[in-house]
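Give me coordinates for this.
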Amino acid sequence: PVVRKVKEIILDSLGCQLGGAQLENGRMIIEYVRNLGDRSESSVVGSSFMRSVADAVLANATLAHADELDESFQTADGTHVGHIAAIVVPVSLAMAEKEKLSGRQVIQTVVLGYELSAMMARALGPISVSRRRLWGTYISGAFGAAAAAGNMLGLEVPQLRVALGLAAGQIHPFHTFFGEKEHMLKSLQIGTTTRSGVTAAYLAKLGYGGPESIMDGPNGIFSILTGGTNSQSPLIGAGSQFELLYTCFKKYAAGHPIHSPVEGLLRIMAREALSAADIEKLQVKIPTHALSVVGDSPTPSLNLPYNLAVAAFDRRVGWEQHTAERQADPQVRALQARIEIIPSAELDELEKQESTHPAVVELTTRTGQRFSERVLHPPGDPRNPMSQAELVEKFYHLATKTIAHAQAKELIERIQVLEEIQDVTELTKLLRIPA
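Prediction:
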């Protein structure tokens, strides 16, 4: 099941990268690395060229998190880790391409990156980190990137310790992206975090020095990033299970707390044969913490009322729903104004007990009828999984925005036999388009 899950993670991430190449932030990051000069080490996804491995991972990781369709990872105990595929998949493939490594090594490296990221997230305590307005993905992801890159380079333990320290020194975990109107800074920070991990590993291999311990003491990351509120060892629970099995894939292009509300709304509309014109108002209950993340963000993909309103009309939430034109639609805006988001103490407790993103949607029609739907686990959660067919359909939908259907099909076939590939360039060459 672990190898199968890794293949699904790679498929999903590459779909997001290929699709992201057509978004505005994707086009700009590709153009940026194009202008950095020709050094043909690793493929820049969705382009016709290759660049240095550090520049390629900057672009590819930014593409992977272009606008909230990439996975959301949490551990078995519910510790939120974040968008780790957007970090470790670009590192693993770009470095394997440069070093001419095998598909089996890619699989091993993805697992390592996930597991180390999970350990760090659990040790730091995601709640204490987020309450300090820091984003855990950048923190745990930086270590995951350095560990993945170090594994590809065959670093010895002392070198890997240095690499992790150098990665820690480059962390920029702030929540500043919450004020942006477009999903640009948030995606770029994934890219720079990933590049930092690769840079740290290469410097460590060259003999670059760093602190012997980055974890403990008054200047260690536990004290600085959590205010000393969490002292749990990263090694607690390590090796007892593969945490990446709890990866959640996304059905909708939106922040994860938005998925259960949208799913609940669409279930009601399908079951009762309702249209958007039938809706008088919506009341949606979500956990209190989620309200601070998706309550009324200026970023479309992080705005729950907007995503509910546009989903009612379009019956889906993809990148097409986040355009300026769609946001300006007077009918969508009118329905959005009739949506009330309510923090729920009951769902706070359920969120803790079930390690999930629950929601209760209550819909009132213009004729006074009332319908309700409770969603415990969003679609794509391992307890409410997307089928293999749904994951493949999502991949084709995204990938074929940039490459031909036949090329996308061949890419799927390569991923399916990844452990048999001796030189991963057989796969990565399919990520580029003709010059």
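
all contacts plus neighbour counts: C-alpha atoms, from now on.
Noted.

Pull up the gap between the residue of the chain positioned farthest from its centre and residue 299, please.
With C-alpha atoms, centre = their mean as the measure, the chain has its most outlying C-alpha, relative to the mean C-alpha position, at residue 367: 40.6 Å. Going from residue 367 to residue 299 by C-alpha to C-alpha, to the nearest Å gives 33 Å.

Repeat that for residue 184.
To residue 299, residue 184 is 10 Å away according to C-alpha to C-alpha.

and what of residue 350?
Applying C-alpha to C-alpha to residue 350 and residue 299 gives a distance of 27 Å.

Output stretch 357-369 as CSV - backbone C-alpha positions only.
Provided in CSV are the C-alpha atoms of stretch 357-369 (Å, rounded to 0.1, in the frame of the first residue of the first chain):
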residue,chain,number,x,y,z
HIS,A,357,-12.5,18.9,8.8
PRO,A,358,-16.2,18.5,9.6
ALA,A,359,-19.0,20.8,8.6
VAL,A,360,-22.8,21.1,8.9
VAL,A,361,-24.6,22.8,6.0
GLU,A,362,-28.2,24.1,6.5
LEU,A,363,-30.0,25.3,3.3
THR,A,364,-33.2,27.2,3.3
THR,A,365,-35.1,27.5,0.0
ARG,A,366,-37.1,30.5,-1.3
THR,A,367,-40.2,28.5,-0.5
GLY,A,368,-39.2,28.0,3.1
GLN,A,369,-38.0,24.4,2.9
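
For it, list every residue counted as buried.
357-365 (16 or more other C-alpha atoms under 10 Å).

Just list the residues touching the residue most central in space within the chain, thanks.
By C-alpha atoms, centre = their mean, the chain has its centre lying nearest to residue 83, at 2.8 Å. Shown in contact with residue 83 (C-alpha atoms under 8 Å, 6 or more residues apart in numbering): 65, 70-73, 137.

Could you single out the nearest of those to residue 171?
Within these, proximity to residue 171 (C-alpha to C-alpha) peaks at residue 137, which comes in at 10.4 Å.

Tell me how many other residues surround the closest one.
Residue 137 has 25 neighbouring residues, counting by other C-alpha atoms under 10 Å.

Nearest residue to it in space, please, no chain neighbours.
residue 82 (4.8 Å; C-alpha to C-alpha, 6 or more residues apart in numbering).

what does residue 69 give?
residue 253 (4.5 Å).

State the next helix or strand along the chain beyond the helix or strand bottoming out on mean pLDDT in the chain.
Every helix and strand in the chain was compared by mean pLDDT, DSSP states H and E; the lowest is helix 126-131, with a mean of 54. On the C-terminal side of helix 126-131, the closest following helix or strand by DSSP states H and E is helix 136-153.

Tell me the first helix or strand C-terminal of the helix or strand containing residue 291.
Using DSSP H and E, residue 291 sits in helix 288-294. Going down the chain from helix 288-294, the next helix or strand is helix 304-314, by DSSP H and E.

Which residue ranges of this protein form strands?
42-43, 50-51, 72-74, 80-82, 247-248, 279-286, 339-343, 359-365, 370-375 (DSSP state E).

any idea of the mean pLDDT for stretch 31-40?
Average pLDDT, stretch 31-40: 90.

meant to ask about stretch 140-152
Here the average pLDDT along stretch 140-152 is 93.

starting at the chain centroid, how far to that stretch?
The chain centroid and the centroid of stretch 140-152 are separated by 16 Å under C-alpha atoms, centre = their mean, to the nearest Å.

Over to stretch 307-326?
Per C-alpha atoms, centre = their mean, the centroid offset for stretch 307-326 relative to its chain is 20 Å.

That stretch: end-to-end distance?
Across stretch 307-326, first to last residue, C-alpha to C-alpha, it's 11 Å.

Quick check: buried residues in that stretch?
Buried-residue list, stretch 307-326, by 16+ other C-alpha under 10 Å: 307-312, 315-319, 321-322.

And for stretch 183-202?
In stretch 183-202, counting by 16+ other C-alpha under 10 Å, buried: 183-202.

Let's see which of these end up in helices.
185-202 (DSSP state H).

Against residue 67, how distant is residue 171?
For residue 171 relative to residue 67 (C-alpha to C-alpha), the value is 22 Å.

Show me which of these two is the more surrounded one.
residue 67 (29 against 19).

In contact with the residue lying closest to the more buried one once chain neighbours are set aside, which residues?
Leaving aside its sequence neighbours, residue 67 sits nearest to residue 183 (C-alpha to C-alpha, 6+ apart; 5.9 Å). With C-alpha under 8 Å, 6+ apart as the criterion, the residues that contact residue 183 are 25, 66-67, 299, 301.

Which of these has the largest number of neighbours?
That'd be residue 66 among those, by other C-alpha under 10 Å, with 31 neighbours.

Next one: it relative to residue 16, how far apart?
On the measure of C-alpha to C-alpha, residue 66 and residue 16 end up 8 Å apart.

Pull out the buried positions in stretch 348-359.
348, 350-351, 355-359.

Which pLDDT value goes with residue 72?
89.

I figured it hits residue 84, correct?
Yes - Residue 72 lies in contact with residue 84 (C-alpha atoms under 8 Å); the separation is 7.5 Å.

any residues in contact with both of those two?
What both residue 72 and residue 84 touch, as defined by C-alpha under 8 Å, 6+ apart, is an empty set.

So which of the two has more stuff around it?
The neighbour comparison of residue 72 against residue 84 (other C-alpha under 10 Å) goes to residue 84, with 33 against 23.
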